[in-house]
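Asker: Dropping a prediction and its sequence here:
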Amino acid sequence: MLLIHCPYCEEARPELEFRNGGEAHIARSTSIADESDEAFEAFFFIRTNPKGLVYERWRHIHGCGRFFNAVRDSVTDKFLHVYKAGEAKVEPSALMANLPEHGAYANVPAAELNAKTPARKRATKDGEA
Amino acid sequence: MRKYSVFAIAREAMRGHKGWEQQWTSPEPRKDYEVLIIGAGGHGLATAYYLAKEHGITDIAVLEKGWLGGGNTGRNTTIIRSNYLYDESAGIYNHALNLWDGLSQDLNYNVMYSPRGVMMLAHNVHDVQVLKRHVHANRLNGVPNDWLTPEEAKEFCPPLNISKQARYPIVGAALQRKGGTARHDAVAWGYARAASARGVHIIQNCEVTAIRRSSNGHVIGVDTNRGPIGAKKIGVVAAGHTSVLMEMAGVRMPLESYPLQALVSEPVKPCFPCVVMSNTVHAYISQSDKGELVIGAGTDQYISYSQTGGLHIINHTLDAICEMFPMFARMKMLRSWGGIVDVTPDRSPILAKTPVPGLYVNCGWGTGGFKATPGSGNVFAHTIANDNPHPINAPFTLERFRTGRLIDEAAAAAVAH
């Protein structure tokens, strides 16, 4: 179960209190009857469904009852950012730059993140244990 | 390929079982193929098999980023039925059901198709009306489906509790006798072996990273982690990852990918004769030939590619199982797992050509694609070979979300999700 931080209640609450509202930042046309079939399809049916950063709406339905937006990694299910409805979307690059756990991995090849000596040998050396 | 038979077993028994061949070959990918299938699950392998068998195209490679049958084919609850409401759905699912009959002989591989009956329980007036409507719709489409009284249901499936004092009393049931289960791994392995025997290349650990197109837009091949591979036609059969792959060709899909969980209990002696589903309490259960109870849970509410779902989803399903079958209350659950299912807005699949010439897509099977494996592969092979859909899958277009000709199984689903 996810722990979700509600930006209105300003605390993390269990997922059971929330209802997912699907992809965020899809604007409904002000004159929906005038929309072309293509535009309506794109608005109503087509979804980004990304493997990576998902911009999605949540509603704290068993709490304050309000809608807000969140950015989540759809591979790890980790929340990167929550923000109130109406606030501007933060671009992925800005999000990644501000997150230490992601920033630490930037530009470091995976091989160099791996320890070079096995743990049992490292334990004997100072500083690396 | 050496045929499997009782004589083969006898021969190998004499020789200490040293003569069994690899079931399929794992060749190095060639530079070019006529058809590439992306995704070596049941649907993808069946597509390759029927392309080779019925359309004479054997210059095919099936690319798989992980291992064969390691996605949803190996993660589902193996239930087979065709009691869907709409004509289009009845057409495609019953086409599959007819192919399940005799599939073991066709593939020379025991897929353990067991038509033990799929029973759907009604607990209230609304259930009775919906299920009877399904029974009648199915019969009009030539799909046998019977309405049972609680007593008849109990006679068919003795573990049912038909007491009127039950919290969710059983007031009737719909029974599709030809429905049942099959061994999911054997379906993937059987299709792989039969396709490989006809010259199809099955290439595992080969992840597609890009789809290449010529200047006129036609597909010309893919980039993979094992180098570029050229192709005249590409079929995407990638279940939960379809959106990711289609994005590579610039096609945005009406799909969302959710984790769907299932679980099995410790194995016990045969105690449960058929498949029982109840939409109202959201539970379905069957017993595998190994003796495990196989239980399907629901999807999580959010998009995810994690292949892990929330524990409360499983708990909810087990609550319902224990409520309906108190005899299972002390069973220990052995394993649970999640698969990523691609769900369309109308809960019906998409088997169609795409706006990109030479690119075909078979996706959107959502929470119930296993049952359709042979039929899906069969008509999708026809679509790729003729660049035109088979009459059975003609309604399952990508354009239906623009034209509005939806096949809206979601509103009146016989499915437990």
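Answerer: That came through fine.
Asker: Going by C-alpha atoms from here, please, whenever you check contacts or count neighbours.
Answerer: OK.
Asker: can you map out the strands along chain A?
Answerer: With DSSP state E as the definition, chain A shows strands at residue ranges A:3-6, A:11-14, A:19-23, A:53-59, A:67-73, A:79-84.
Asker: got the contact list for residue 47?
Answerer: Defaulting to chain A. Each residue near residue A:47 by Cα atoms under 8 Å, 6 or more residues apart in numbering or on different chains is listed here: A:23, B:252-256.
Asker: let's do chain B instead
Answerer: Each residue near residue B:47 by Cα under 8 Å, 6+ apart is listed here: B:37, B:376-378, B:380-381.
Asker: Turn those residues into a markdown table, including neighbour count.
Answerer: Formatted as a markdown table, the entries for the contacts of residue B:47 read as follows, by neighbours: other Cα atoms under 10 Å in any protein chain shown:
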| residue | neighbour count |
| --- | --- |
| B:37 | 25 |
| B:376 | 29 |
| B:377 | 25 |
| B:378 | 24 |
| B:380 | 33 |
| B:381 | 27 |
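Asker: Okay, and which of those map to helices?
Answerer: Using DSSP state H, B:376-378, B:380-381 are the members of these that sit in helices.
Asker: roughly how far apart are residue B:242 and chain A?
Answerer: Taking Cα to the nearest Cα, to the nearest Å as the criterion, residue B:242 is separated from chain A by 10 Å.
Asker: I meant to write residue B:288 there.
Answerer: Counting by Cα to the nearest Cα, the gap from residue B:288 to chain A is 29 Å.
Asker: Closest residue of chain A to chain B?
Answerer: Among residues of chain A, the one nearest chain B by Cα to the nearest Cα turns out to be residue A:46. It sits 4.1 Å away.
Asker: count of neighbours near the residue lying closest to that residue once chain neighbours are set aside?
Answerer: Using Cα to Cα, 6 or more residues apart in numbering or on different chains and skipping the chain neighbours, the partner closest in space to residue A:46 is residue B:254 (4.1 Å). Using other Cα atoms under 10 Å in any protein chain shown, residue B:254 has 23 other residues around it.
Asker: and the gap between residue B:254 and residue B:346?
Answerer: Going from residue B:254 to residue B:346 by Cα to Cα, to the nearest Å gives 10 Å.
Asker: Next: residue B:117.
Answerer: Counting by Cα to Cα, the gap from residue B:117 to residue B:346 is 27 Å.
Asker: Neighbour count for the two, which is higher?
Answerer: Between residue B:117 and residue B:346, residue B:117 has the larger neighbour count (other Cα under 10 Å), namely 23 against 17.
Asker: check contacts around that one.
Answerer: If you count contacts by Cα under 8 Å, 6+ apart, then residue B:117 has B:175-180, B:274-275 around it.
Asker: these two touch, right, residue B:31 and residue B:229?
Answerer: Yes - the pair residue B:31 / residue B:229 is scored as a contact, 5.2 Å apart, by Cα atoms under 8 Å.
Asker: what does chain A have sitting close to chain B?
Answerer: Contacts of chain A with chain B, taken as Cα under 8 Å from any Cα of the partner chain, map to A:1-2, A:19-20, A:22, A:37-38, A:40-41, A:45-51, A:54, A:74-77.
Asker: and if we set it to 7 Å?
Answerer: A:1, A:20, A:37-38, A:41, A:45-51, A:74-77 (Cα under 7 Å from any Cα of the partner chain).
Asker: Who wins on neighbours among these?
Answerer: Neighbour counts for the residues of chain A next to chain B were taken using other Cα under 10 Å; the highest belongs to residue A:49, with 29 neighbours.
Asker: List the single closest residue to residue 18 in space, sequence neighbours excluded.
Answerer: Defaulting to chain A. When the adjacent residues along the chain are set aside, residue A:18 lies closest to residue A:60, with 4.5 Å between them (Cα to Cα, 6+ apart).
Asker: meant chain B, my bad for not saying
Answerer: Closest residue to residue B:18 apart from its sequence neighbours, by Cα to Cα, 6+ apart: residue B:12 at 6.8 Å.
Asker: Give me the contacts around the helix or strand the one you found falls within.
Answerer: Using DSSP states H and E, residue B:12 falls within helix B:6-14. Taking Cα atoms under 7 Å, 6 or more residues apart in numbering or on different chains as the criterion, the residues outside helix B:6-14 that touch it are B:18-19.
Asker: ok so, going back, closest to chain A out of the contacts of residue B:117?
Answerer: Using Cα to the nearest Cα, the shortest approach to chain A within these belongs to residue B:275, at 28.9 Å.
Asker: quick one, what contacts that closest one?
Answerer: The contact partners of residue B:275, taken as Cα under 7 Å, 6+ apart, are B:117-119, B:180, B:285-286.
Asker: possible to save the residues you listed as CSV with secondary structure, distance to residue B:407 and pLDDT?
Answerer: Compiled in CSV, those are given as follows (DSSP: H, G, I helix; E, B strand; the rest coil; distance: Cα to Cα, whole Å; pLDDT from 0 to 100):
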residue, secondary structure, distance to residue B:407, pLDDT
B:117, coil, 26, 97
B:118, strand, 23, 97
B:119, strand, 24, 97
B:180, strand, 24, 96
B:285, strand, 27, 95
B:286, strand, 28, 96
